[in-house]
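K.L.:
Requesting a structural model of the entry that follows:
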Amino acid sequence: MGRLFGTDGARGIANSELTCELAMQIGRAAAMVLIGEHKKRPRVMIGMDTRISSNMLCSAITAGLCSVGADVMQLGVLPTPAVAFLVQKYKYDAAVMITASHNPCEYNGIKIFQADGYKLPDELEEKIEAIILDGAAVPPVKIGADVGRIRSSEMPAFDYVRHLISTVDVDFSGYRVALDCANGAASVTAPDLFTELGVDCHMKSSIPNGININRDCGSTHLDGLRRYVLEYKCDVGFAFDGDADRMLAVDENGEVVDGDKIIAICAKDMKERGRLDADTAVVTVMSNMGFFEFCRKNGIKAEVTSVGDRYVLENMRANNYKIGGEQSGHVIFFDFASTGDGQLTALQLLSVMKRTGKKLSELAAEMEVFPQVLINVKVSQMGKARYDKDEEIKKAIESAQRELGDSGRVLVRVSGTEPLVRVMAEGRDRELIKKLTEEIADVVRERLI
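P.N.:
Numbers count the residues shown, from 1 in each chain. Below is the predicted model of the structure:
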């Protein structure tokens, strides 16, 4: 993990940790690293989510980019995957997304995409960090006619929605679907997208006001959607996060269908249709043990990466695998996208329901979920930095794993985006894994706060 960039861009409390000055510096340094000085008028696009600080940070990044001679297209509010798609479609040199994803409104972040629509690899992020933090190079400030220009466009949302529609070949008329937009970026695209495909849409949390993004709604707060699906007798509910790059589903009975189950359902469908290259799906170490058992039963190979959709995508690109993702709902369909896309995932899942004629509860029941307990322990920044050197924590983890033996596992990791250590245990005995998780969390709390 870098000094500015975590597993998913630079992130922090807006105007405190992620200041306008830092945003301007990131804009300048990113232009220098990604484009260099060989191109006289590089072009960069900027999208953002609905949080109140996004316009402020967009202005700062725009100023930084223009000051080094880059022309900027401001896209306005759009999902992260829309920005990743449009930088390729419009043939721009780079793209920036301003978002803190699933975090509360006081946070914000900066994700950077290359011209090919992929997030920056670690080595490029490190070069940007070196320019900002170490003065490794000085961005060339332009004057006069060489200063960058700013423009906007009315077409981005339309073009992105047309792209999503092109990924499905079935009609969804007759489906009653609840859409929880988290008062975020999906609010500007989901209503048109699903309505045009014949869906009877029931919109929830789709009126953003700058401060209600992710507040008791979206993919991190599913209770409201579960009640909504039952009350309005919906066939399925889809919950997006603030920038709509992830999605979790709720079946017709109000039960949650997480990323593991979504990947399992779609991977099996793709395999049956001959569209799962090498019969392989890519997931992270956080995936439930039940997912791997499902794969064994269905002749699917599971590749495992570190936590973070960027590492899933790296594996998929290297091996041309077609589906991968995370339990949290980041799912990548490599034939259609260069990043996780919540609305695309919803369409693919709905397509499986349509083709099979099965309810989501029937499809989800094919994968058994092993009991899993997760405790997020808030730690200090210094504690977070010294986590992997603490011998007492290591001993606690080893002791718990010995007690579980082959019937379960323990996974403890530092969050890439928040001041947290995530303690997880998994196995068939819920009471045992709950006890072991709490014991490790107590040690982490004692040692790292």
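
K.L.:
For G408, name its beta-bridge partners.
P.N.:
G427 (DSSP bridges).

K.L.:
Could you report the neighbour count for it?
P.N.:
21 (other Cβ atoms under 10 Å). No exception for glycine: its C-beta is placed from N, CA and C like everyone else's.

K.L.:
you'd agree it is up against M424?
P.N.:
No - using Cβ atoms under 8 Å as the test, G408 is too far from M424 to be in contact (10.5 Å).

K.L.:
what sits against R3?
P.N.:
Listed by Cβ atoms under 8 Å, 6 or more residues apart in numbering, the contact set of R3 reads 129, 133.

K.L.:
what are the phi and psi angles of the residue nearest to G64 when sequence neighbours are not counted?
P.N.:
Using Cβ to Cβ, 6 or more residues apart in numbering and skipping residues adjacent in sequence, the residue nearest G64 is G27, 2.8 Å away. With angles defined as degrees, to the nearest 10, G27 sits at phi -60, psi -50.

K.L.:
wait, G27 sits on C58?
P.N.:
No - if you go by Cβ under 8 Å, G27 and C58 don't touch, sitting 10.0 Å apart.

K.L.:
With neighbour numbers in mind, choose between these two.
P.N.:
G27 (29 against 21).

K.L.:
mind listing what that one touches?
P.N.:
Per Cβ under 8 Å, 6+ apart, neighbours of G27: 60-65, 68, 96.

K.L.:
Over to M316?
P.N.:
Per Cβ under 8 Å, 6+ apart, neighbours of M316: 282, 322, 324, 332, 334.

K.L.:
Which members of these occur in strands, if any?
P.N.:
Among the contacts of M316, the members found in strands (DSSP state E) are 282, 324, 332.

K.L.:
pretty sure the last one contacts E326?
P.N.:
Spelled out, it's I332. No - counting by Cβ under 8 Å, I332 stays clear of E326, with 9.3 Å between them.

K.L.:
Can you pull out the low-pLDDT segments for the protein?
P.N.:
1-2, 7, 36-39 (pLDDT under 70).

K.L.:
pretty sure K111 belongs to a strand, no?
P.N.:
Yes - assignment of K111 by DSSP: H, G, I helix; E, B strand; the rest coil places it within a strand.

K.L.:
do you know how far the residue lying closest to it once chain neighbours are set aside is from A185?
P.N.:
Once flanking residues are discounted, K111 sits nearest to G9: 3.8 Å by Cβ to Cβ, 6+ apart. Distance, G9 to A185, by Cβ to Cβ, to the nearest Å: 15 Å.

K.L.:
Have a look at the two and say which one is more surrounded.
P.N.:
Counted by other Cβ under 10 Å, G9 and A185 do not tie: A185 has more neighbours, with 36 against 26.

K.L.:
my guess is that one contacts V83, does it?
P.N.:
No - with contacts counted by Cβ under 8 Å, A185 stays clear of V83, the gap being 9.5 Å.

K.L.:
ok, now which ones touch G224?
P.N.:
Counting by Cβ under 8 Å, 6+ apart, G224 has contacts 180, 204-205, 216-217.

K.L.:
Tell me which stretches of the stretch 201-350 of the chain form strands.
P.N.:
For the stretch 201-350 of the chain, the strands defined by DSSP state E, counting those that start in this stretch cover 236-240, 247-250, 256-257, 280-284, 301-305, 323-325, 331-333.
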